[in-house]
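In: the sequence and its predicted three-dimensional model are supplied below.
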Amino acid sequence: MAVPTVPSLAPGDGFAVRLTDAEVTGFHEQGFLSIDRLTSEAEIAELRDIYDALFEPGAAIGKDDRLELAGNPDEAPVLPQIVNPDHYAPELLQTVAYQNAQTIARQILGEDMSPMGMHAIRKPPRDGGATPWHQDEAYWDPAMDHHAISIWMPLQPATIENGCMQFVPGTHTSEVQEHRLINPDSHGLVVTHPESVGPAVACPLPPGGATIHASRTLHYAGPNTTDQPRRALIMAFAAPPTRRATARSFPWQRPEWAS
């Protein structure tokens with residue numbers, strides 16, 4: 001089944017979002033930021049339709065772009081992810097949400113920032129697994145220092161009960177911790193010693209709100225114990241990476257991630 005498009009999605013009037021100077025400063029101090037609104041309620045409703053169509057069993061999503069982050073890929077999904085959803089629904093790039101996300105990325109990363117793509121994570125009702133503690137940079141080239149952010153937007157209320165984002169303040173200034181695969185069949189990572197993670201800040205959000213976090217900020221999202229799916233659309237941006245003076249190794253990475 002092909003993913004339907006929604007032609008009415010387009011940047012609208014008067015819904016520009018821009019961070020204050022205090023918010024930018026707070027992001028650089030803490031490594032994350034939470035904002036109440038990235039787009040309108042009307043656009044969120046349209047985005048939910050696109051999002052749900054992407055996750056339909058018959059949707060024409062390439063095998064390499066439909067992943068299971070935590071569970072067994074041969075069993076019922078517990079943490080399904082679609083990589084590059086904008087390849088299948090290009091109208092996602094024309095939304096107010098994406099326009100505002102780019103503005104925020106320029107404020108934090110500078111004018112030389114560029115998009116790193118999108119992904120979508122859907123936690124099924126009642127059985128949606130936790131997204132375990134990790135740092136995004138653990139997935140990337142260890143020869144480089146990365147200057148990147150992820151903007152995480154829920155398409156329904158994000159709560160403790162359905163798996164809102166949680167962060168450990170200040171961890172963006174530390175090195176990448178040791179990680180491991182969640183399980184041998186998964187595509188997701190978890191820090192090797194999650195019990196040592198410091199006190200976290202949970203960030204409940206209304207639909208269309210957003211969290212923004214740096215690539216080394218430790219973060220987590222709990223399981224979905226509610227009767228409704230938890231939908232999150234993630235938009236990533238980066239400034240040019242810089243080559244490290246000191247080598248490091250990420251032995252937990254899968255060989256295919258280097259391709």
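Out: That came through, no problem. Predicted, not measured: the structure shown is a model, and the values here were computed from it. Residues are numbered from 1 along each chain as shown.
In: tell me, how many residues neighbour residue 36?
Out: When neighbours are counted by other Cβ atoms under 10 Å, residue 36 registers 10. Placement of C-beta: from N, CA and C, glycine included.
In: was I right about it contacting residue 204?
Out: No - here residue 36 does not reach residue 204: they are 10.5 Å apart, not a contact under Cβ atoms under 8 Å.
In: only the buried residues of stretch 25-43, if you could.
Out: Buried residues in stretch 25-43, counted by 16 or more other Cβ atoms under 10 Å: 26-27, 30-35, 37-40, 43.
In: pick out whichever of those sits closest to residue 144.
Out: Of all these, residue 144 sits closest to residue 31, with 18.8 Å by Cβ to Cβ.
In: any stretches of the chain with poor pLDDT?
Out: By pLDDT under 70, the weakly predicted segments of the chain are 1-14, 71-76, 258-259.
In: and the residue nearest the centre of it, what does it touch?
Out: In the chain, the residue lying closest to the centroid (Cα atoms, centre = their mean) is residue 234, at 3.7 Å. Counting by Cβ atoms under 8 Å, 6 or more residues apart in numbering, residue 234 touches 118, 119, 120, 121, 150, 151, 152, 153.
In: mind redoing it with 7 Å?
Out: Going by Cβ atoms under 7 Å, 6 or more residues apart in numbering, residue 234 touches 118, 119, 121, 150, 151, 152.
In: likewise residue 116?
Out: By Cβ under 7 Å, 6+ apart, the contact list for residue 116 reads 148, 236, 237, 238.
In: list the strands paired with the helix or strand hosting it, with their directions.
Out: Assigned by DSSP states H and E, residue 116 belongs to strand 114-123. Counting by DSSP bridges, the strands paired with strand 114-123 are strand 80-83 (antiparallel), strand 230-243 (antiparallel).
In: got the CA coordinates for it in PDB?
Out: What follows is strand 114-123, C-alpha atoms only, in PDB (Å, rounded to 0.1, in the frame of the first residue of the first chain):
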ATOM      1  CA  SER A 114      22.300  21.100   7.400                       C
ATOM      2  CA  PRO A 115      19.500  18.500   7.700                       C
ATOM      3  CA  MET A 116      20.500  15.000   8.800                       C
ATOM      4  CA  GLY A 117      17.200  13.500   8.000                       C
ATOM      5  CA  MET A 118      14.100  12.300   9.900                       C
ATOM      6  CA  HIS A 119      13.000   9.200  11.700                       C
ATOM      7  CA  ALA A 120       9.700   8.200  13.300                       C
ATOM      8  CA  ILE A 121       9.300   5.900  16.400                       C
ATOM      9  CA  ARG A 122       5.900   4.400  17.300                       C
ATOM     10  CA  LYS A 123       5.400   2.800  20.600                       C
END
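In: run the chain-centre distance for that strand.
Out: Averaging C-alpha positions (Cα atoms, centre = their mean, to the nearest Å) puts strand 114-123 6 Å from its chain's average.
In: check which residues of it are buried.
Out: 116, 118, 119, 120, 121, 122, 123.
In: hang on, the second one packs against residue 85?
Out: Yes - the pair residue 118 and residue 85 passes the contact test of Cβ atoms under 7 Å, sitting 5.4 Å apart.
In: got any residues that touch both of the two?
Out: What both residue 118 and residue 85 touch, as defined by Cβ under 7 Å, 6+ apart, is the set residue 92.
In: next one: phi and psi at residue 154?
Out: Residue 154 adopts backbone torsions of phi -80, psi 150, taken as degrees, to the nearest 10.
In: measure it to residue 213 for me?
Out: Per Cβ to Cβ, to the nearest Å, residue 154 is found 14 Å from residue 213.
In: re the thing from before, how close does the residue nearest to the centre of the chain get to residue 116?
Out: With Cβ to Cβ as the criterion, residue 234 and residue 116 are 10 Å apart.
In: what about residue 29, which SS state?
Out: Classification of residue 29 by DSSP: H, G, I helix; E, B strand; the rest coil places it in helix.
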